[in-house]
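1. test case, fold it:
(chains A and B)
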Amino acid sequence: MTQKQTTTANKISTYLILIVLIAMSLSIVALISAVYAYTQNMIPPAGFLAIIGIFGIVMSIVSLHQNSQRSAAMKIEVPKVMTYIECKNCGTKISREFQRGDFVFKELDVCPKCPEHKQMITGVYKEIKEKEKIYEV
Amino acid sequence: MSLIPVSDIVSQVSTKVNIHSNQFFGFGGDVGWQAILQLFTVGFFFVIMFYGQRLQMRVMMKDVEGSLLKLKNIKDEGRKNAIDTLKEVGKSTVDIAPRVDRCLDYFTISPQGMDPAGIVDKLDHILDVRDQRIKDDVKIIAPQCEGTQLNNMENTLEAAMALNYIYKIVRHYYIQSKKTMSLYVVMQLQMILPIVMKEAEAYSAALKAFSLGQPIGDSVGPLIASKLMLGQEIRKVHKDCVVASVPFEGRTALIMKAEGPGGNVGKPGDAIETIIEENEGKIAMLIMIDAGLKLEGENVGDVSEGIGSAIGGPGVDAFKIEEKLVKYKIPINAIIIKEDIGDAVSPMRKEIHNAADKAIERVRELVVERTKEGDTVIIFGVGNSIGVGQ
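-> Numbers count the residues shown, from 1 in each chain, chains lettered A, B, ... in the order given. Here you go, the predicted structure:
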């Protein structure tokens, strides 16, 4: 029942993810080099490379996490607005998605069940499914 | 539970992988590590001591920056929506974006209040001029717009203006705090941001509702009035309001609301004044029904009763109504339907729609208990009539 609006922020985050992925792959390369340097008994460079690699991976994961959180916060949930139509004679009730031009108490075409009576829009509203957090105080 | 001491395992592992503390990084022995650790701790202490506030400020600035980016997105989306709708509805052949941008920057200067006598009329005049100005601009931007659509487009533009204004204010304080490096400016901004963001999101939803002509939470007053006047003869009353005389529990109820289904709040002050004067002040009771802001912890759609003129806005209408009520000593009762600011300007929620019948029941009880048969009562459904016919 909800639509998610895509904003430019989502596009920015895609670029960020790309940069983060590049940084992450470079960090992995640094780690591999560290292992190689260690096997060659070049201890100080191996240590530096390991630190750079680990730091790069940690920072990449943190950035990805922050970015995903920000993107989630930037999505505006817009629930669908429904139009509720009723025949006052036979009581038939139907609902459909809102269309431009609909308004409450607008008379529509004749009811399919009782051709002498017109249907009427009795409500235009949205239904929010998720429950609000209730604080019992 | 292992019986081998942990230190033994560590020494075994380090021997196997051939790591020695004097080899790693080229530092020698435990003393070197301890010195580094101590240096690091002391350094960290001094950094926090001298730069703690700056670090805190940077964290806050980052937070505000994130919200500002979100606000910018909301504002840009709103502007785009407004332009698209005005183009679609108004069938304009020229580029309307520059004209819309000009409108988004409109401001209203409230009248001078050094000598408050007559300030209500001055404010009323300024609001009328503003309203007319926006309507005229909508006509220029969207020449094919008329009646209901014109009102809806006016509301759409106003919502876009509100979003633009919110963004500019937040940006102003953000840049100001960056320039002055003042923790207290950014702190105040950060503190009010959750409320500002909520309001901006509400206006964003409102803009969409206005552009499509959907009823909003604030339309609950007119919705109740429409339910009461349905099928009755309706006439227009100054300004942009309608009235219907309805038999109600042995009394005559003059049901009033802003004319719908276009986005319009009318001028309830003038309308009620006119009706009271038409009836020479012989009104047993005035009941105003409106959407009221709920407090946290209250439920959306709760119905509450009280005394006084239930009407928002700058106070011009409330002033006019109260003047007339005092003149003829007419009792006034208010019924409000609880909702928060977000619900008030975004498409109507089911809970609010369902509250209409509960409110009608309260009106019935009020009229039966507090007036006599044969009396005349005024029932005004206050609010924006967008998406609500009559």
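2. show me the domain layout of chain A.
-> A:2-77, A:80-126 (automatic domain parsing).
3. tell me which helix or strand the residue of the stretch 1-150 of chain B found nearest chain A sits in.
-> Residue of the stretch 1-150 of chain B nearest chain A, by CB to the nearest CB: B:Asn73 (4.3 Å). In this view, the C-beta of every residue, glycine as well, is placed from N, C-alpha and C. Secondary structure from DSSP states H and E places B:Asn73 in helix B:29-90.
4. next, the angle from the helix or strand following that helix to helix B:29-90.
-> Remark: after helix B:29-90, the chain's next helix or strand is helix B:97-104, criterion DSSP H and E. In terms of direction (axes from the mean of the first three to the mean of the last three CA atoms, to 10 degrees), helix B:97-104 departs from helix B:29-90 by 110 degrees.
5. ok, B:Lys87 touching B:Ala97?
-> No - the criterion here is CB atoms under 8 Å, and B:Lys87 misses it with B:Ala97 at 9.2 Å.
6. okay, those two: which has more neighbours?
-> For B:Lys87 and B:Ala97, the more surrounded residue by other CB atoms under 10 Å in any protein chain shown is B:Lys87, and the numbers stand at 18 against 15.
7. for the more buried one, which residues are in contact?
-> With contacts defined as CB atoms under 8 Å, 6 or more residues apart in numbering or on different chains, B:Lys87 is in contact with B:96, B:142.
8. ok, B:Arg54 to B:Lys179 distance?
-> Separation of B:Arg54 from B:Lys179 (CB to CB, to the nearest Å): 15 Å.
9. so the two - more neighbours on which side?
-> Neighbour count, other CB under 10 Å: between B:Arg54 and B:Lys179, B:Arg54 has more, with 12 against 9.
10. show me the contacts for that one.
-> Counted by CB under 8 Å, 6+ apart, B:Arg54 has contacts B:Met181.
11. over to B:Val170?
-> Contacts of B:Val170 (CB under 8 Å, 6+ apart): B:64, B:67-68, B:71, B:189, B:193, B:196.
12. can you name the element that comes right after whichever strand or helix holds it?
-> Taking DSSP H and E as the definition, B:Val170 sits inside helix B:147-180. Under the assignment DSSP H and E, the closest C-terminal helix or strand after helix B:147-180 is helix B:183-212.
13. which strands and helices sit next to that next one?
-> For helix B:183-212, the elements it packs on are helix B:29-90, helix B:147-180, helix B:341-345, judged by 3 or more CB pairs under 8 Å, 6 or more residues apart in numbering or on different chains; DSSP states H and E.
14. let's see the last one as PDB, backbone CA atoms only.
-> Output of helix B:341-345 as PDB, limited to C-alpha atoms (Å, rounded to 0.1, in the frame of the first residue of the first chain):
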ATOM      1  CA  ILE B 341       0.700  18.500  12.100                       C
ATOM      2  CA  GLY B 342       1.800  15.800   9.700                       C
ATOM      3  CA  ASP B 343      -1.800  14.400   9.500                       C
ATOM      4  CA  ALA B 344      -3.300  17.800   9.200                       C
ATOM      5  CA  VAL B 345      -1.700  18.700   5.900                       C
END
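15. so for B:Gly306, what's the nearest residue that isn't a sequence neighbour?
-> Spatially, and ignoring its direct neighbours in sequence, B:Gly306 is nearest to B:Ala334 (4.9 Å; CB to CB, 6 or more residues apart in numbering or on different chains).
16. isn't the one you found up against B:Gly312?
-> No - when contacts are counted by CB under 8 Å, B:Ala334 is not listed as touching B:Gly312 (12.0 Å).
17. so the two - more neighbours on which side?
-> B:Ala334 (20 against 16).
18. could I have the host helix or strand of the more buried one exported to CSV, CA atoms only?
-> Take DSSP H and E as the rule and B:Ala334 turns out to sit in strand B:332-339. C-alpha atoms of strand B:332-339 as CSV (Å, rounded to 0.1, in the frame of the first residue of the first chain):
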residue,chain,number,x,y,z
ILE,B,332,-19.8,29.1,21.5
ASN,B,333,-18.8,25.5,21.7
ALA,B,334,-15.9,23.8,19.9
ILE,B,335,-15.4,20.2,18.8
ILE,B,336,-12.0,19.2,17.6
ILE,B,337,-10.7,16.0,16.0
LYS,B,338,-7.2,15.3,17.2
GLU,B,339,-4.3,14.9,14.7
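19. show me the strands in chain A, by range?
-> A:2-4, A:77-79, A:81-86, A:93-97, A:107-110, A:118-126 (DSSP state E).
20. let's have those in TSV, adding mean pLDDT.
-> Below are these laid out as TSV (pLDDT from 0 to 100):
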stretch	mean pLDDT
strand A:2-4	46
strand A:77-79	69
strand A:81-86	92
strand A:93-97	90
strand A:107-110	86
strand A:118-126	90
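21. could those be laid out in JSON lines, adding distance to chain B and mean neighbour count?
-> As requested, those are exported to JSON lines (distance: least, CB to the nearest CB, whole Å; neighbours: other CB atoms under 10 Å in any protein chain shown):
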{"stretch": "strand A:2-4", "distance to chain B": "10", "mean neighbour count": "11"}
{"stretch": "strand A:77-79", "distance to chain B": "7", "mean neighbour count": "17"}
{"stretch": "strand A:81-86", "distance to chain B": "5", "mean neighbour count": "20"}
{"stretch": "strand A:93-97", "distance to chain B": "11", "mean neighbour count": "11"}
{"stretch": "strand A:107-110", "distance to chain B": "9", "mean neighbour count": "12"}
{"stretch": "strand A:118-126", "distance to chain B": "4", "mean neighbour count": "21"}
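22. any regions of chain A where pLDDT drops low?
-> Scanning chain A for pLDDT under 70 picks out A:1-16, A:67-78, A:130-136.
23. around chain A, which positions in the stretch 251-390 of chain B sit nearby?
-> Within reach of chain A by CB under 8 Å from any CB of the partner chain, the stretch 251-390 of chain B has these residues: B:260-261, B:296-297, B:347-350, B:352-353, B:387-390.
24. list buried residues within these.
-> B:260-261, B:347-350, B:352-353, B:387-390 (16 or more other CB atoms under 10 Å in any protein chain shown).
25. check contacts around residue 111.
-> Here I'm looking at chain A. Counted by CB under 8 Å, 6+ apart, A:Cys111 has contacts A:87, A:89-90, A:92, A:117-119.
26. I was thinking of chain B, sorry if that wasn't clear
-> Applying CB under 8 Å, 6+ apart, the residues contacting B:Pro111 are B:119, B:122-123, B:126.
27. kindly give a single PyMOL line that selects the buried subset of these.
-> Filtering the contacts of B:Pro111 down to the buried ones (16+ other CB under 10 Å) takes a single PyMOL command:
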select buried, chain B and resi 119+123+126
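28. save the contacts of B:Pro111 as JSON lines, and put in distance to B:Met153, secondary structure and pLDDT too.
-> Shown next, in JSON lines, are the contacts of B:Pro111 (distance: CB to CB, whole Å; DSSP: H, G, I helix; E, B strand; the rest coil; pLDDT from 0 to 100):
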{"residue": "B:Ile119", "distance to B:Met153": "31", "secondary structure": "helix", "pLDDT": "92"}
{"residue": "B:Lys122", "distance to B:Met153": "28", "secondary structure": "helix", "pLDDT": "93"}
{"residue": "B:Leu123", "distance to B:Met153": "25", "secondary structure": "helix", "pLDDT": "93"}
{"residue": "B:Ile126", "distance to B:Met153": "22", "secondary structure": "helix", "pLDDT": "94"}
